[in-house]
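J.: How does the following fold in three dimensions:
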Amino acid sequence: MTKIQLPEGFTLRPATMDDIPACVEMFNLWAENAIGYKDISEEEVRNEWDSPDFDPAVNTYLAFTESGTLVGYAEAWTHGETPVRPWLWVRVHPDYQNLGLGTYLTQWTENKASHVLEKLPQDLRVCYELGVDGRVEAAKDLFENMGYAHYRSYYQMRIKMNETQPPAPRWADDLVLKPFDPTHDLEAVYLADEDAFKDHHGYVEESFEIGFPRFKHNLTKTENYDPSLWFVVWDGDEVAGISICRPYSPEDENMGWVEILGVRKAWRKRGLGLALLQHSFAEFHKRGKRLVGLGVDAKSLTGALRLYEKAGMSIYSQFDKYAKEIRAGKEISVQSIEE
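T.: Numbering: from 1, shown residues only. All right, here's what the predicted structure looks like:
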């Protein structure tokens, strides 16, 4: 692709933590224009930028008008020990679209992410990934014009509960739901999460030393962390399944959010996923929440979509992922599973 030049009248620099309010204001202007509602909070962005995997001085680029108005943002996530699928994300102020800023900033993220090739084994397949809400046709056209192809979709699913208490969960006799203890249980929950999701599409194995600090930061170093909404089911001294919930969603404070629902393979097909989900619904209902949401792979390899539909959830929106191969080779991210 021909390298595009920055349109005249704009300046560029990396972000600092002081830029968060202006960035979030611009992100939400984009969201309100594209999908009709705000979808991100300052607290969520601060948590991401504070992540051990991220440095805004390195991983971001901001575009400003001559008068100092923030009109464009780009970030490249190249974290992990084997970052074979760098994640790219760009937003352009709705009043400054169709000027070439989106293409320029996306090319910047590609250039930034291309440095993963220097540290990865040469026989591994590497792809750029990016995505957008399925309703935003202009962004998807831009992706395709830049050589990306759609390869996966994800649903946001929701359940709207009435005043009647949700169905009570049914637990297998040998499984025990215990209150989460942040002091002693965090590592066990992380390891259960890794085990539960190692056969999900896109999973790439990494060491405890890399994965656990990220897990701890992303899920506990946030205002939206409530350990009383972490539900852990034990079989003796082993974690069988988890439901990690947040008291509210960034896009709707009236909606409870199931961040992670995972059942380890040895405990599947025993109704544990449904029981955990129903228990989570009941707890939100008790706290006055009548709307609960979560995200799921539209072609989940483990049948999660069917489980959520069985629990009474329905599809609310769709997020489309696109990918572009930058080096052919051996695919190490999970693409399928053997029954």
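
J.: Contacts for the host helix or strand of A192, please.
T.: Under the criterion of DSSP states H and E, A192 resides in helix 186-197. Residues outside helix 186-197 that contact it (Cβ atoms under 8 Å, 6 or more residues apart in numbering) are 180, 203, 208, 211-212, 215-216, 220, 230, 232, 239-242, 244, 260, 262-265. Placement of C-beta: from N, CA and C, glycine included.

J.: Please narrow those residues to those residing in strands.
T.: Mapping the contacts of helix 186-197 onto strands (DSSP state E) picks out W230, V232, V239, A240, G241, I242, I244, I260, G262, V263.

J.: correct me, but the fifth one touches G262?
T.: It stands for G241. Yes - shown here, G241 and G262 form a contact pair, counting by Cβ atoms under 8 Å, at 6.4 Å.

J.: sorry, back to before: let me have the ones in strands among the contacts of helix 186-197 in JSON lines, extended by distance to N28 and pLDDT.
T.: Shown next, in JSON lines, are the ones in strands among the contacts of helix 186-197 (distance: Cβ to Cβ, whole Å; pLDDT from 0 to 100):
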{"residue": "W230", "distance to N28": "29", "pLDDT": "98"}
{"residue": "V232", "distance to N28": "34", "pLDDT": "98"}
{"residue": "V239", "distance to N28": "37", "pLDDT": "98"}
{"residue": "A240", "distance to N28": "39", "pLDDT": "98"}
{"residue": "G241", "distance to N28": "35", "pLDDT": "98"}
{"residue": "I242", "distance to N28": "31", "pLDDT": "98"}
{"residue": "I244", "distance to N28": "26", "pLDDT": "98"}
{"residue": "I260", "distance to N28": "25", "pLDDT": "98"}
{"residue": "G262", "distance to N28": "30", "pLDDT": "97"}
{"residue": "V263", "distance to N28": "35", "pLDDT": "97"}
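
J.: Run through the stretch 151-300 of the chain and note the low-pLDDT ranges.
T.: Along the stretch 151-300 of the chain, the model assigns pLDDT under 70 to no residue.

J.: from the contacts of helix 186-197, which would you call buried?
T.: Applying 16 or more other Cβ atoms under 10 Å to these, the neighbour count classes 180, 203, 211-212, 215, 230, 232, 239-242, 244, 260, 262-264 as buried.

J.: Most widely separated two among the residues you listed?
T.: F180 and Y203 (23.7 Å; Cβ to Cβ).

J.: Now do the SS call for H200.
T.: Secondary structure for H200, judged by DSSP: H, G, I helix; E, B strand; the rest coil, is coil.

J.: hang on, isn't it packed against G303?
T.: No - using Cβ under 8 Å, H200 is not in contact with G303; the gap is 11.1 Å.

J.: how much space between the closest residue in space to I244 that isn't next to it in sequence and H201?
T.: Excluding the flanking residues, the one nearest I244 by Cβ to Cβ, 6 or more residues apart in numbering is I260, at 4.2 Å. Distance from I260 to H201, counting by Cβ to Cβ, to the nearest Å: 16 Å.
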